[in-house]
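>>> based on what follows, work out the 3D shape:
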Amino acid sequence: MQTPQPFQLVNDNDVAKDGVAREIKERLSQELVIALVGPVGSGVTTAANILHTVLEQEFGYDVAPVMKPSDVIRAQSGLVGITAPQNAKTATYISEMQDAGNRLRERFGNNYLIEKLFEKIRGFRTAHHGYDGENELPGRRAYIIDSLKSLEELELLRDVYRETLCVVGVFAPDKLRDERLKDLDYPEAERAKVMARDQGELATFGQATRKLFVHSDFFVCNDRRPEDLDSSLRRFLDIVFDTAIHTPTRAESAMYKANAAAANSACMSRQVGVSIVSDGGELIAVGWNDVPKFGGSLYTEEDRETFDDEAKVIVNRDHRCYNWGGKKCHNEVRRHGLMDKVAIAVAESGQIKPGKRSAVRDAIGSTDINALIEFSRSIHAEMEAILSVAREGKHSLVGATLYTNTYPCHNCARHIVASGIREVVYIEPYLKSLAIELHSDVISELPDARNMVVFRQFNGVAPSNYVKLFRPKGDRKQKGYLFRTPRKEALPVFRVPLDARREYEDKIIVEVAAKEHDQLTQPGANQ
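The predicted model follows:
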C-alpha cells in the first residue's frame, strides 16, 4: 500500500508554478471531513446541522447528509439479533442505542460503526463527480460525522484523512445537559444513567467520550444562546479556510501558554498546565504539576546536571518521581497498598467467607478510595501558579482568570476561590473532582452565575493547532489593500495528496465486508 504523504500547509489563493509544482498542487484534496464529539445533551447534532448549512450555502460545498453512527446501529442491529429502537422520544432510547452499538462493536470490532461510514463517503463522492475512472478528482465536498465515541474511531479517521479531518468538541455543563434531556421527557433516573455511561464506562466496547473529547481540534462551549454556537462555528470555518483575519482570543492565547507549561511536567500520572491572566489580560503566572524543591519552585530538567561545589562534580539532583524513591508513582502505590490493607483486615475479621478476599479487594477498588490523590509528591499546577505569584509579590490574583488543560481537583478549587480568582477555564473534565459538590456555594458551571467563581469549558482553537492555524498562510494584502479569498472559492488550509487515501478507503470497505461475512456464516451467528 502506498504510504500517505505528509500534509501540506497551503495558502488558499496561491498560484501554482508551471510543470510539476502545478501538477502536485492540482492533486491536493479540497475535501473536508468534520467529526464531532461531545457528551449527550451538549448540542452535537445542532452543531452538525449548523456546519452543514454554512458549508453548503456560504462556502459552496457539496455536503453529504450528516452521517450518524446511530443510523448504522439501526440498520445493522439485526446482525447481532436485536432490534434497535426507532422512536427517539422513548425514555430508554439512548441507553438502548448504546447497548446496540456496544453489541455491534463487540461482534465486528471497535471501529465497526465508523468503518461502515466509509461506504457512505465513497458513495457520496461517486455521486458528486469524485472520480475519473480509477482516479479521484479534487472537489469541494464535505462530510460531517455526528459523532465519534472512541479513540480507536478517531485514530482510524486520522490515519486515512490526516489533516483534512477536523474534530470539533461540543460541550455544555452537566446541569444544562440534564435540563435538555429533561425537555425531551427523559426520567431523572434514566438521564443520570445515560450521562454517566456516555462519559466513560468500564466495558471494553463502551463509550469513551471524555477521553476522546480532549483530542478535538476546536472546542465549542454550548452553554449560552444558540446564536453564540452559530458564531463560534462560523469563526472556526473562517479560520480553517483562511477567509478572514482572526487572531487568537485571550482564552486561546492563555490556553496555549498553559498547554506549553504542561510539557514541563515529569509526572507519571498526568501533565497539567496552568496560566493565570489578570483582569486586564496580562499574563501573571504559569504553573505545572511536579515535585517541589528547596528554595521554592519545582524540580526541572536543569537539576539533572547540578554542579556540587564541595565535591567539585556534576550530580543529578532531579528528585522527581521518575528518578527518585523507587521510580514509582507514590500516590498510586500507596493508594493500592491502602486498599490491600483494608481487604486483608476485612478477611481477617472473619466477616467474609474464605477465598473472598479478592472479591472484596475488587469491590474496594470500585469505590472513591481508588480516586484518592493526597499521597502524591507533586504540587498541582494550579497551586504552583498561585504560589509563583506569592513568591514574586508583584501581582494580585483578585479578579484574575485561571486557564488549565484539566478541570481543577476539589483541593485546588478551594484555594482558587480563596485567592480571589474570578473564573476558571479548562479543557479536560476531571471526574475525580468534587469541586462543585463540596463548594456549590461559591463555584458554579453556569456562565451567568453572580458572586461565584465560574468554571467554564474552553471555547476556541485547540492549543495543539494554535501556531498552525493562526500563523499567516500568505499575503494579507494586494496593492496595499486587504485581500481575502471569497468563501465560495476558498480551500482548507490543510490539504493532503489524493492518491494514497483511496487505497486506505478500499482496504477498510473490503475488510469490514469480510468481517461481516465471517461472523454471519458462523453457527449461531444472530445470537
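>>> give me the nearest residue to residue 259, chain neighbours excluded.
Nearest residue to residue 259, sequence neighbours excluded (Cβ to Cβ, 6 or more residues apart in numbering): residue 463, at 3.5 Å. Every residue, glycine included, has its C-beta placed from N, CA and C.
>>> the one you found contacts residue 256, doesn't it?
Yes - between residue 463 and residue 256 there is a contact under Cβ atoms under 8 Å: 4.6 Å.
>>> and the residue nearest to residue 259, how far is that from residue 252?
8 Å (Cβ to Cβ, to the nearest Å).
>>> what does residue 112 give?
36 Å.
>>> do residue 137 as well
36 Å.
>>> in this structure residue 145 contacts residue 67, no?
Yes - assessed by Cβ under 8 Å, residue 145 is found in contact with residue 67 at 5.0 Å.
>>> what is in contact with these two at once?
Shared contacts of residue 145 and residue 67, defined by Cβ atoms under 8 Å, 6 or more residues apart in numbering, comprise residue 117.
>>> in terms of neighbours, single out the busier of these two.
Between residue 145 and residue 67, counted using other Cβ atoms under 10 Å, the more crowded position is residue 145 (25 against 22).
>>> which is the next helix or strand following the helix or strand of the chain with the lowest mean pLDDT?
In the chain, no helix or strand scores lower on mean pLDDT, DSSP states H and E than strand 8-9, which sits at a mean of 50. Once the chain leaves strand 8-9, the next helix or strand it forms, by DSSP states H and E, is helix 20-26.
>>> name the residues of that next one that are buried.
Residues residue 25 are the ones in helix 20-26 that count as buried (16 or more other Cβ atoms under 10 Å).
>>> state the number of residues packed around the residue nearest to residue 259.
By other Cβ under 10 Å, 22 other residues sit near residue 463.
>>> and residue 508, how many neighbours?
A count of nearby residues for residue 508, using other Cβ under 10 Å, gives 21.
>>> same deal with residue 211?
As a burial measure, residue 211 scores 15 neighbours (other Cβ under 10 Å).
>>> quick one on the thing from earlier: more neighbours, residue 137 and residue 252?
Under the criterion of other Cβ under 10 Å, the comparison of residue 137 against residue 252 puts residue 252 first, with 22 against 16.
>>> contacts for stretch 70-82?
Under the criterion Cβ under 8 Å, 6+ apart, residues 83-84, 86, 97, 99-101, 103-104, 107-108, 112-113, 116-117, 516, 519-520, 526-527 lie in contact with stretch 70-82.
>>> again, only using 10 Å
Residues outside stretch 70-82 that contact it (Cβ atoms under 10 Å, 6 or more residues apart in numbering): 45, 65, 68, 83-86, 88, 93-94, 96-108, 112-117, 119-120, 146-147, 516, 519-520, 524-527.
>>> end-to-end on stretch 170-190?
End-to-end span of stretch 170-190 (Cα to Cα, to the nearest Å): 22 Å.
>>> thinking again about what came up before, what sits in contact with each of residue 463 and residue 252?
residue 403.
>>> thought residue 249 was touching residue 459, still the case?
Yes - the criterion here is Cβ atoms under 10 Å, and residue 459 meets it with residue 249 at 8.1 Å.
>>> pick out whichever of these two has more residues nearby.
Per other Cβ under 10 Å, whichever of residue 459 and residue 249 has more neighbours is residue 459, with 22 against 13.
>>> tell me how the chain divides into domains.
Following automatic domain parsing, one gets these domains for the chain: 28-244+484-519, 255-299+378-457, 330-371.
>>> how much space between residue 249 and residue 439?
Residue 249 is 28 Å from residue 439, where distance means Cβ to Cβ.
>>> any chance you could map the strands in the stretch 251-400 of the chain?
For the stretch 251-400 of the chain, the strands defined by DSSP state E, counting those that start in this stretch cover 273-277, 283-288, 306-308, 313-315.
>>> go ahead and confirm residue 411 touches residue 372.
No - look at residue 411 against residue 372 with Cβ under 10 Å: they stay out of range, at 11.1 Å.
>>> do you know the pLDDT at residue 187?
In this model, residue 187 is scored at 71, pLDDT.
>>> try the one 5 residues further on
At residue 192 the predicted local confidence, pLDDT, stands at 72.
>>> excluding sequence neighbours, find me the nearest residue to it.
Take residue 192 and drop its neighbours on the chain: the residue closest to it by Cβ to Cβ, 6+ apart is residue 178, 8.0 Å away.
>>> thanks a lot, catch you later.
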